[in-house]
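Asker: Just need the structure, nothing else, for what follows:
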Amino acid sequence: IKINDRLDLIPSHLQLSAVEKMLVNAYAREMKLKNIINQIKENYDYIIIDNAPSLGLFLINSLVASDYIIIPCEPSYFSIAGVQLMLDTVEEVKESNLNQKIKVLGFIFNKYSKQSKIPQERLDQLKQLYPDIPVISVIPRTITVEKAEREGKPVFKFNANNPASVAFSELAEWVIKNVK
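Answerer: Residues are numbered from 1 along each chain as shown. So this is what the prediction gives:
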């Protein structure tokens, strides 16, 4: 879908779950997304792949097709525990020679709130567990994001001055500056 002159979007769809089932028996299944992206990558400055929190074939395909990854996490026990699973999966992709060049740029700590101590404790835990991987951005939890999601609008168009909008803009600027 052409959003504007500078942005194309391929939204997720429920039928993708059926595609993942078909990949299970496909030849070179880990390379499918990379092969498609190789055909179109010259048309884009950046290709961003957003995966659901799963360690399935879609994630493997995304890791094989990517130069860099940013790992989002939330202030919950399971999210922090999932980080190690993600890092282990990245290592497996490297060790299996599917993509030895993939680089973890850092973490995005999403849905941060100062209303309790737990989010800060989880953020500190993340930094302590992975001192060599930077926290690129801390995205605050705001009702504006939830309202924008409900209305199907980008948070920037819903309220560009919202703290989450500002944090996402700063994240985008960081990526542009640090990804070559």
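Asker: now the strands for the chain?
Answerer: Counting by DSSP state E, the chain has strands at residues 2-4, 7-8, 68-73, 103-112, 135-140.
Asker: Give me the contacts around the third one.
Answerer: Around strand 68-73, the neighbours that count as contacts under CB atoms under 8 Å, 6 or more residues apart in numbering are 63, 79-80, 82-83, 86-87, 90, 102-110, 122, 126, 133, 136, 175, 179. In short, each C-beta sits where N, CA and C put it, glycine included.
Asker: Tell me what angle it forms with strand 103-112.
Answerer: 30 degrees (axes from the mean of the first three to the mean of the last three CA atoms, to 10 degrees).
Asker: Pairing partners for strand 68-73, with directions?
Answerer: Paired neighbours of strand 68-73 in the sheet (DSSP bridges): strand 103-112 (parallel).
Asker: Now do the partner strand, average pLDDT.
Answerer: Mean per-residue pLDDT for strand 103-112: 95.
Asker: and if you look at stretch 65-82?
Answerer: On average, stretch 65-82 scores 94.
Asker: Next one: Ser116 from Ala52, what distance?
Answerer: The gap separating Ser116 from Ala52 is 27 Å, by CB to CB, to the nearest Å.
Asker: got any ranges where this protein has weak pLDDT?
Answerer: Applying pLDDT under 70 to the chain flags residues 1, 11-14.
Asker: Repeat the analysis, applying 80 as the threshold.
Answerer: Judged against pLDDT under 80, the low-scoring parts of the chain cover residues 1-28, 180.
Asker: Can you show me the helices along it?
Answerer: 16-23, 32-40, 57-65, 77-95, 118-129, 143-151, 155-158, 163-178 (DSSP state H).
Asker: separation between Tyr68 and Gln128?
Answerer: 24 Å.
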